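>>> Everything below, folded, please.
(chains A and B)
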Amino acid sequence: MLESLIETKDLTISFGGHTAVDSVDVQVARNQFKSIIGPNGAGKTTFFNLLSGQLTPTKGQIFFKNQEITKHSPTERTRLGIGRSFQITNVFPNLTVLENVRLAVQSQAGTRFQMLSHFKKYKQFEEKAEEWLELVFLQGKKDIPAKNLAHGEKRKLEIAMLLALNTEVLLLDEPTAGMSLEEVPAILEIIRKIKLKGDRTIVLIEHKMDMIMDLSDSVMVLFNGRLLADGAPEQIMKNETVQSAYLGGLYDDSAVKA
Amino acid sequence: MKQLMGNRMNAVYLAVAIFLIILPFVYESRTLLILLTQVFIFAIFAMSYDILLGYTGIVSFGHAMFFGIGAYTVGVFMKRFEPTVPNLLLSILVTILLTALVSYVLGLLTLRLKSHFYAMLTMAVAGLFLVLAEKWRTVTYGNDGFTFRVPDMLKDRTDFYLICLVSMIAVFALLKRFTNSPLGRVLQAIRENEQRTESLGYSVLHYKVIASVVSGILAGMSGILYAISLRFVNTSVFTMDITLDALLMTIIGGVGTLVGAIIGAGLIEFAHHWLTELAKVHWIFERWIIFFGIIYILAVMFFPMGIVGTLRNIKFKGKKEKQQKAGEKIAS
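Numbering: from 1, shown residues only, chains lettered A, B, ... in the order given. Presented below is the predicted three-dimensional model:
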């Protein structure tokens, strides 16, 4: 049995009468790649928000390295080692691309309240930030404001910021959402690169089934807030409940989109 | 290229500073001197406000309270004790302590709130200070205020002009450093996207409180200078008008730029002066605040980025077009 890095116990959150996440017990092992799938409104992003601290559960607990973090703020969780990206692009629009990443590097280096020296004195931050930009193929755009990036580029920037935090856990919320088909392979390539390094634990929400199947070590399926299945990708593919609940839904979904 | 631009800007700042230092010795107009002194004082106040509004994205409607604390502290010290330099320094120290304390407590209690609730609360607290100044008659002499004497070295208008100018330059340099420090950069990140800053691992509240304390102390300093320039203080220093002045100056000059705050202060003070003089021509000019209201609305509608912001944008666009043209040439 692999050591579990993140563990949830009976994790539940309700908004009014609606239970968005319903008693989910899940474990994520260290350096594993876990995907979360499920139809729209299944509670995937809500589950993420609970893991990253944007929401506090109504019931249940979250453990990180066997330490309870249920009551920790997002800031504290990031410092402990849980970083996340957002489904809706969430960057600093009027700052340059480089500055976006540099801020993440600065946080990771723990330079937080230095107020009397010039930020340029910290050359190493900028160099590090440029390295991350290179990894996501954005080095040519470093001086333009983030709001002028194309959608796909913003997603890449988002990933670069997340990587720059150097957290053990990466929570990726639909990194390819809203992206054109040509842009998707580049993002996948980046994610594959991170996975191959083997020193990060990745949890990913994704709609595109085919994309995650060969990347994932395990897949969990959420449906109406409940954990429907959790296992190796092949098992999930064969699982009949999943097929009727999710795969059926997916085909409808793509039909509507087309 | 960027370095070169920075150097050129620094040269411009230096030239303007030298011009302003020499001015009182070559051009002897008492009115202009007093007016410029006022501009410098309000520039400090506007820059302190810009730290909140322009750099951290906090809207405060109670910034006058720090201005007023400074003004009253120096007034009371000079009135109650001998108007000597040590007493003046003591009053500066007390102002720093008071403004730091008030801004710290206020920030800690209220900066968790969403922006508009925070704005309302600061307005209410500033109102409390106004009432305090009105009712605590034994110290403040109520609504009418009081006059006081100042140390001899501050009596000469030219000397005081230079002191205010140097203070403004010092505050400008200090804040330039402050806003370009790693901490200042995080403040700008908070303005851009608070939630994202949090998830990068910065505890937003601490930063907001720091911004609020720095801004409060500097506003207190400008209040001290203001009271000394008038040698008089009354409850008007705590009124909404003072906050509105700062708001107008930063917005017209350009939010998020320190030079903008200075330009804005100059513009508003000069406009104020000229419009009041025009009152002889037509009575409407006595209600100059009406014009400010109109200017404010127009500025927000057409120049939301203020003078400096708009200029920068034009420059940036020009460069982009040049690049595009160059690109087309290569393509053809």
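>>> where does the stretch 151-258 of chain A have low pLDDT?
A:245-258 (pLDDT under 70).
>>> Over in it, which residue gets nearest chain B? Let me know.
The nearest approach of the stretch 151-258 of chain A to chain B comes at A:Leu165, 6.6 Å away (Cβ to the nearest Cβ). The C-beta positions use only the backbone N, C-alpha and C, and glycine is treated the same way.
>>> ok, now which ones touch residue 28?
I went with chain A, as the question did not name one. A:4-7, A:34, A:169, A:201, A:203 (Cβ atoms under 8 Å, 6 or more residues apart in numbering or on different chains).
>>> think we crossed wires, I meant chain B
Counting by Cβ under 8 Å, 6+ apart, B:Glu28 has no contacts.
>>> From B:Tyr161, how far off is it?
Taking Cβ to Cβ, to the nearest Å as the measure, B:Glu28 falls 12 Å from B:Tyr161.
>>> picking up where we left off before, from the contacts of A:Val28, pick the one nearest B:Val166.
A:Val169 (52.4 Å; Cβ to Cβ).
>>> And the host helix or strand of A:Leu103, how far out from the chain middle?
Following DSSP states H and E, one finds A:Leu103 within helix A:97-109. In terms of Cα atoms, centre = their mean, to the nearest Å, the centre of helix A:97-109 is set 18 Å apart from its chain centre.
>>> Do you have the helices of chain A handy? List them.
A:44-52, A:74-80, A:97-109, A:123-135, A:151-164, A:184-197, A:209-213, A:233-238, A:240-242, A:248-257 (DSSP state H).
>>> mind exporting the fifth one as CSV, just the C-alpha atoms?
In other words, helix A:151-164. This file holds the C-alpha atoms of helix A:151-164, laid out as CSV (Å, rounded to 0.1, in the frame of the first residue of the first chain):
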residue,chain,number,x,y,z
HIS,A,151,-6.9,32.0,-23.8
GLY,A,152,-4.6,29.0,-24.2
GLU,A,153,-1.6,31.1,-23.2
LYS,A,154,-3.3,32.2,-20.1
ARG,A,155,-3.9,28.6,-19.1
LYS,A,156,-0.2,27.9,-19.7
LEU,A,157,0.6,30.9,-17.5
GLU,A,158,-1.6,29.6,-14.9
ILE,A,159,0.3,26.3,-14.9
ALA,A,160,3.6,28.1,-14.8
MET,A,161,2.5,30.0,-11.7
LEU,A,162,1.4,26.8,-10.1
LEU,A,163,4.6,25.1,-10.9
ALA,A,164,6.6,28.1,-9.6
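>>> Show me which residues of it are buried.
The neighbour-count check on helix A:151-164 (16 or more other Cβ atoms under 10 Å in any protein chain shown) flags A:152-164 as buried.
>>> Any chance you could list what contacts it?
Contacts for helix A:151-164 (Cβ under 8 Å, 6+ apart): A:83-86, A:89-91, A:97, A:100-101, A:103-105, A:108, A:128-129, A:132-133, A:135-138, A:141, A:146, A:149, A:170, A:172, A:175-180, A:183, A:186-187, A:190-191, A:194, B:200.
>>> for it, the distance to its chain's centre please.
With Cα atoms, centre = their mean, you get 11 Å for helix A:151-164.
>>> and the angle for it with helix A:184-197?
10 degrees (axes from the mean of the first three to the mean of the last three Cα atoms, to 10 degrees).
>>> ok, back up a step: out of the helices of chain A, which is closest to B:Val213?
helix A:74-80 (20.1 Å).
>>> If we go by neighbour counts, what in that closest one is buried?
A:74-75, A:77-80.
>>> Out of these, the closest to B:Leu267 would be?
A:Thr75 (40.4 Å).
>>> quick one, what contacts the closest one?
Contacts of A:Thr75 (Cβ under 8 Å, 6+ apart): B:198-199, B:201-204.
>>> restrict those to those near chain A?
B:198-199, B:201-204 (Cβ under 8 Å from any Cβ of the partner chain).
>>> In helices, which of those residues fall?
B:198-199, B:204.
>>> Chain A contacts on chain B?
B:177-178, B:180-186, B:188-189, B:192-193, B:195-204, B:206, B:210.
>>> Can you say which of those residues are buried?
By 16+ other Cβ under 10 Å, these give B:178, B:180-186, B:188-189, B:192-193, B:196-204, B:206, B:210 as buried.
>>> how near is the most centrally placed residue in chain B to B:Ile262?
What sits nearest the mean C-alpha location of chain B, by Cα atoms, centre = their mean, is B:Ala46, with 1.5 Å. When Cβ to Cβ is applied, the distance between B:Ala46 and B:Ile262 equals 7 Å.
>>> Same check on A:Thr58?
Noted for A:Thr58: a distance of 52 Å to B:Ile262, by Cβ to Cβ.
>>> Model confidence score at the residue in the stretch 201-332 of chain B that chain A sits nearest to, please.
In the stretch 201-332 of chain B, no residue comes nearer to chain A than B:Gly201, which is 3.8 Å away by Cβ to the nearest Cβ. With respect to pLDDT, B:Gly201 has a value of 83.
>>> for B:Val74, same thing?
Looking at B:Val74, its pLDDT is 94.
>>> wait, it sits on B:Ser229?
No - contact criterion Cβ atoms under 8 Å: B:Val74 and B:Ser229 do not qualify, at 10.8 Å.
>>> Looking at these two, which one has more neighbours?
Higher neighbour count among B:Val74 and B:Ser229: B:Val74, with 28 against 19, using other Cβ atoms under 10 Å in any protein chain shown.
>>> what about the more buried one, which helix or strand?
helix B:64-80.
>>> in that helix, what counts as buried?
B:64-79.
>>> quick check, nearest of those to chain A?
B:Phe66 (19.2 Å).
>>> contacting residues for the closest one?
By Cβ under 8 Å, 6+ apart, the neighbours of B:Phe66 are B:48, B:99, B:102-103, B:215-217, B:219-220, B:223.
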